[in-house]
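[1] Give me the fold of what follows.
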Amino acid sequence: MPNGNPFQDLQRFRMPAGFRGRSAVVVQLWWMVQALVVKPLPQMCYPVRRALLRAFGARIGKGVKIRPGVDITYPWKVSIGDHAWIGDNVTLYSLGPITIGANTVVSQYSYLCTGDHDHTLSDFPIRSFPIVIEDQVWVASHVWIGPGVTIGFGSVVGARSTVIKSLPSGKICVGSPCRPVQSRAIPER
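    Alright, predicted model coming up:
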């Protein structure tokens, strides 16, 4: 330890009051229901998965398709718009609010992370910042989206990108860190 001061003294860590948004009993009940029922349900059980998420406070629009294996930390902090798709094994680490717009796709194995720790303080306090993915966005597979990010209307985020800053509307964005590389054309019918 330089100067006798620790970078991190985790025995001093304390979860902020009300951080989870529900009691410890409700949190544990959700985690059991999710592990035993929600995640392993077959693909065709979209209505059951939606109903269970709504029962735990998620705001789920009509026609939403949530695939098997999706992991949602606190469903009461999640809002998903009409006709959105959430792919297999997506993680919604919803320590803070996550809003996913209508007709938006979050593809398989993507990870939306609303939380971090303040590394400048030795008690390593946990924090959360919302993630907003606007309407008609496509987040391709294996994308990591960090706390406080907004992805603008109609954008595409390329596979395996790392999104640490907000992205504008109507762009194709790729990379680590992710950045806009071109405008997205509106398809002709």
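
[2] going forward, measure contacts and count neighbours with C-alpha atoms only.
    Fine.

[3] Extract the residue ranges of this structure that are flagged as low pLDDT.
    1-2 (pLDDT under 70).

[4] try 80
    The model of the chain has pLDDT under 80 over residues 1-5, 187-189.

[5] show me where it has helices.
    Secondary structure of the chain (DSSP state H): helices at 24-33, 46-55.

[6] Can you check what angle separates the first one from helix 46-55?
    Direction vectors for helix 24-33 and helix 46-55, defined by axes from the mean of the first three to the mean of the last three CA atoms, to 10 degrees, enclose an angle of 170 degrees.

[7] returning to what we had before: looking at the helices of the chain, which is nearest to Cys178?
    helix 46-55 (30.6 Å; CA to CA).

[8] The closest one - contacts with which helices or strands?
    On a contact count with 3 or more CA pairs under 8 Å, 6 or more residues apart in numbering; DSSP states H and E, helix 46-55 meets strand 59-60, strand 65-66.

[9] Just the residues contacting the first one, thanks.
    The reference is to strand 59-60. Contact partners of strand 59-60, identified using CA atoms under 8 Å, 6 or more residues apart in numbering, comprise Arg50, Leu53, Arg54, Trp76, Val78, Ser79, Ile80, Gly81, Asp82.

[10] who does it pair up with?
    Strand pairing for strand 59-60, determined by DSSP bridges: strand 78-80 (parallel).

[11] starting at the chain centroid, how far to the partner strand?
    The chain centre lies 9 Å from the centre of strand 78-80; the measure is CA atoms, centre = their mean, to the nearest Å.

[12] Over to stretch 90-105?
    4 Å.

[13] returning to that earlier point: could you provide the contacts of strand 59-60 in JSON lines, with additional columns for distance to Gly158 and neighbour count?
    Below are the contacts of strand 59-60 laid out as JSON lines (distance: CA to CA, whole Å; neighbours: other CA atoms under 10 Å):
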{"residue": "Arg50", "distance to Gly158": "27", "neighbour count": "20"}
{"residue": "Leu53", "distance to Gly158": "28", "neighbour count": "22"}
{"residue": "Arg54", "distance to Gly158": "30", "neighbour count": "17"}
{"residue": "Trp76", "distance to Gly158": "28", "neighbour count": "21"}
{"residue": "Val78", "distance to Gly158": "23", "neighbour count": "24"}
{"residue": "Ser79", "distance to Gly158": "23", "neighbour count": "18"}
{"residue": "Ile80", "distance to Gly158": "21", "neighbour count": "25"}
{"residue": "Gly81", "distance to Gly158": "21", "neighbour count": "20"}
{"residue": "Asp82", "distance to Gly158": "23", "neighbour count": "17"}
